[in-house]
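[1] Provided below for reference: sequence and predicted model.
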Amino acid sequence: MKLRVGVVGLGDAWESRHRPALRAMTDRFEVRAFCDPVYHLAEQAAREFNAAAVDGFRALALRDDVDVILMLSSEFYGALPIVAACEAGKAVYCAAALDLDPDAAKEIKLRVEHSGIAFMAEFPRRTMPATLRLKELIATRLGQPRLLFCHARKRPAQARRNGQHGTGFQYPGGTRETMELVDWCRYVVGEEPTSVIGVQHWEHNGEECDYLMLSLDFSRDNRPGTGPLAHVSFSSYLSPKWPEAVSFRPPAALQVCCEKGVAFVDLPASLVWFDEAGQHLESLDNERPVGERLLTQFHRAVTSLVRRTSDLEDAYRALHVVQSARQSFKENRRVILEF
């Protein structure tokens, strides 16, 4: 079954992930319309796909020739395209950062649940070959994770399209990335965190955040520090004016210390792990591109008779953790997580 697609917002991953995947999967997806705050970008993409450029996400959601919405950026729109999709009964693939307050996030979650539409949140780190192999090793060789160190660095090329060239990131610019890192740790551990501590560093008189750290405690029974612990950080403190420093000794995207060994993960497909037998180096390059894997999952979610709700819950919980980390920073205390 071929799904007719309406694209809302051309996000940072359009050129590298979503555009190539849609071009490769013409047997499953047919792009019919584009909408973007920068209208000429929508026109350019529409010409390539022989589609229409639409002035407004509501008009796109109401089109009779659109079955599903790919929300790839929330710039200027926020969560309103999701609301419009719910009202129009259109399935949503959400790859955008939604920087919502707790009440608004809960309201969007309820709207999606009540509408009955298929909803998929994009968490690419889950589906990358190195992550899947890591989960296999945890189950077979390495044992339960004890400590996780997860880091991402905002690249200069990720600067927002509004022309700002500062080195720091601002919400919602860092929200999506931080949510993905939080979800990645939740997925690797296989449990839910019970508390969080947040640390932030602000520059330019508090106008820009150049470092954000979350400490996720997965302990139970009100005994912090007795279960798995994950340190998640997202930063942009290295200036693009220092190109050699930006590429010098980047930390592993994820380091996992387990009961029987330790693993170092560099996405998408590099994994080095150690146990009593020594070092094991694995390269998993011969895998299908992650964009195609994600859209294949979305196609299944839309065409399946069984409604998929786990992605909506995962996105809501990851956002809740990030929001709680901000509360922790403001109030200088550990925040207990209640889902």
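    Nice, thanks for sending it over. Quick caveat: nothing in here was measured; it's all calculated off a predicted structure.
[2] all helices for the stretch 101-250 of the chain, in order.
    Per DSSP state H, counting those that start in this stretch, the stretch 101-250 of the chain carries helices over the ranges 102-115, 124-127, 129-137, 175-189, 243-246.
[3] okay if I get these as JSON lines plus mean pLDDT?
    Converted to JSON lines, the helices of the stretch 101-250 of the chain look like this (pLDDT from 0 to 100):
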{"stretch": "helix 102-115", "mean pLDDT": "87"}
{"stretch": "helix 124-127", "mean pLDDT": "91"}
{"stretch": "helix 129-137", "mean pLDDT": "95"}
{"stretch": "helix 175-189", "mean pLDDT": "92"}
{"stretch": "helix 243-246", "mean pLDDT": "81"}
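[4] between these, which gets nearest to A96?
    Comparing the helices of the stretch 101-250 of the chain against A96 with C-beta to C-beta, the closest turns out to be helix 175-189 (6.9 Å). Backbone N, C-alpha and C define where each C-beta goes, glycine included.
[5] chain center to that closest one, what's the gap?
    Averaged C-alpha coordinates place helix 175-189 at 7 Å from its chain's average position (C-alpha atoms, centre = their mean, to the nearest Å).
[6] make a markdown table from the helices of the stretch 101-250 of the chain and add mean neighbour count to it.
    What follows is those, written out as a markdown table (neighbours: other C-beta atoms under 10 Å):
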| stretch | mean neighbour count |
| --- | --- |
| helix 102-115 | 15 |
| helix 124-127 | 20 |
| helix 129-137 | 19 |
| helix 175-189 | 23 |
| helix 243-246 | 10 |
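[7] could I get these as TSV with distance to Y77?
    Below are the helices of the stretch 101-250 of the chain laid out as TSV (distance: least, C-beta to C-beta, whole Å):
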stretch	distance to Y77
helix 102-115	13
helix 124-127	21
helix 129-137	30
helix 175-189	14
helix 243-246	31
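[8] which one of these lies nearest to A33?
    Here helix 102-115 is closest among the helices of the stretch 101-250 of the chain (C-beta to C-beta), at 20.4 Å.
[9] identify whichever of the helices of the stretch 101-250 of the chain lies nearest to L72.
    L72 lies closest, by C-beta to C-beta, to one member of the helices of the stretch 101-250 of the chain: helix 175-189, at 10.8 Å.
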